[in-house]
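Just a sequence and a predicted model for now, questions to come.
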Amino acid sequence: MRGKDVILEGMSITYPNGFTAVQPTDLKIEAGEFFSILGPSGCGKTTILRAVSGFVEPSAGRILIGDEDQNGRGPNRRPTALIFQNLALFPLMRVWENVAFGLEARGVPKRARREKAMELLELVALQGQAEKKPTELSGGQRQRVAIARALAVEPAVLLLDEPLSALDLKLRQHMRAELRAIQKKTGVTFIYITHDQGEALTMSDRIGVMNEGVIEQVGSSDEIYSHPRTAFVASFVGEANVFEGAVAAIDGQLAQIDTPAGRFVGRNAGALAIGDAAMLFVRPEHVGFAGPAHSFDNQLMAQPERRDLEGPFVNIILRAGEREIAMHVKNDGDTASAPAAGPAKIGFSSDRAQILPKGALAQTGKELAEA
């Protein structure tokens, strides 16, 4: 098996009711790449997957796979395979028969089908499970059967639509490693759809972060997390403390921003000018208690309110006026506890803060629950 490039050229999708699910998009996914499209529900990521697989026709632009224009080709004529969220295994068929189903539809003789199925079951570490029914397998094993079935037809591109969402946390974490290993072994191009940033950051060669029909940024996991380009990406991928204000001064690669909490300095990641509306973003792990051992060029006073232990690290929630500030500290027995009472001086370094153009933020879990 060998992967192929997937190229979107000005592709957009507008439904008959006038709603545009995907704005005009240019994107190249490299052959053999594990590429994730990350975004909230309703952002258009699954629509892109369905367009690549042939279940939705672009309203404009085109889709190329390996330099071949796919417009007008149905799903059965494309070098793709799609793994649905619900897996869609046949409960009355044995495992090997599920894996070989696509080969049977193509007229491959039974003996050859079984040999191929056994080869793929070994690839996904399911030796000895061939004669079982899907109901006799664990959730993770069923997931691997679905992958083996998709690989049986030797696709150049494997499309995965939130395939781990129904699994519990431990199994999801295990399957991330399994999927990545299978992708590396086969060399097939994986396009993975998810709203789970942990999945995307852990598995992907590159990630496209999508919001309201637009892919706002494409980059490696490190680039997306450490160097977001928009307010939405900064707030959706990982946690961030946000200070809103206006640019007061520019000094080389740094900018100063005036906010209700004070004047802070950060990297001028958005190439802003004096007077521009802006937002400063700093990750909770880059906020700390200021003192002789930790001097920061950005400081403010805050009142500790809560301490949430999460094993190897601690979340400390503080309040500065009406603003809630999150701090993550390592649980090393010394820094894990917030001061018992009274305000504390906290801070962060300018090289750990990014100043971006003012923009829409991702909804928090609380906001989603109240919506």
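Received the coordinates, thanks.

mind listing the strands for the stretch 1-150 of the chain?
Applying DSSP state E, counting those that start in this stretch to the stretch 1-150 of the chain gives strands spanning 6-14, 20-29, 34-38, 60-65, 68-69, 80-83.

Which of those strands has the highest mean neighbour count?
strand 34-38 (a mean of 25; mean count of other CB atoms under 10 Å). Glycine gets a C-beta too; all of them are placed from N, C-alpha and C.

any residues touching it, and which ones?
Around strand 34-38, the neighbours that count as contacts under CB atoms under 8 Å, 6 or more residues apart in numbering are 29, 45, 48-49, 180, 183, 189-197, 199-200, 203-210, 215, 236-237.

Quick check: strands, which of the residues you listed are part of them?
29, 189-194, 206-210, 215 (DSSP state E).

how far does stretch 308-318 stretch from start to finish?
End-to-end distance of stretch 308-318: 12 Å, with CA to CA, to the nearest Å as the criterion.

If you count neighbours, what's buried in that stretch?
Across stretch 308-318, burial judged by 16 or more other CB atoms under 10 Å covers 313, 314, 316, 317, 318.

for stretch 152-165, same thing?
By neighbour count on 16+ other CB under 10 Å, the buried set for stretch 152-165 is 152, 153, 155, 156, 157, 158, 159, 160, 161, 162, 163, 164.

Same list, the ones in strands among the contacts of strand 34-38, but as a markdown table with distance to residue 348 and pLDDT please.
Output for the ones in strands among the contacts of strand 34-38, formatted as a markdown table (distance: CB to CB, whole Å; pLDDT from 0 to 100):
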| residue | distance to residue 348 | pLDDT |
| --- | --- | --- |
| 29 | 36 | 97 |
| 189 | 39 | 96 |
| 190 | 36 | 95 |
| 191 | 36 | 96 |
| 192 | 33 | 95 |
| 193 | 34 | 94 |
| 194 | 30 | 92 |
| 206 | 28 | 98 |
| 207 | 25 | 98 |
| 208 | 29 | 98 |
| 209 | 23 | 97 |
| 210 | 29 | 97 |
| 215 | 29 | 97 |
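
Turn those into a markdown table, columns for distance to residue 243.
Converted to a markdown table, the ones in strands among the contacts of strand 34-38 look like this (distance: CB to CB, whole Å):
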| residue | distance to residue 243 |
| --- | --- |
| 29 | 36 |
| 189 | 40 |
| 190 | 38 |
| 191 | 36 |
| 192 | 33 |
| 193 | 33 |
| 194 | 29 |
| 206 | 29 |
| 207 | 26 |
| 208 | 27 |
| 209 | 22 |
| 210 | 26 |
| 215 | 27 |
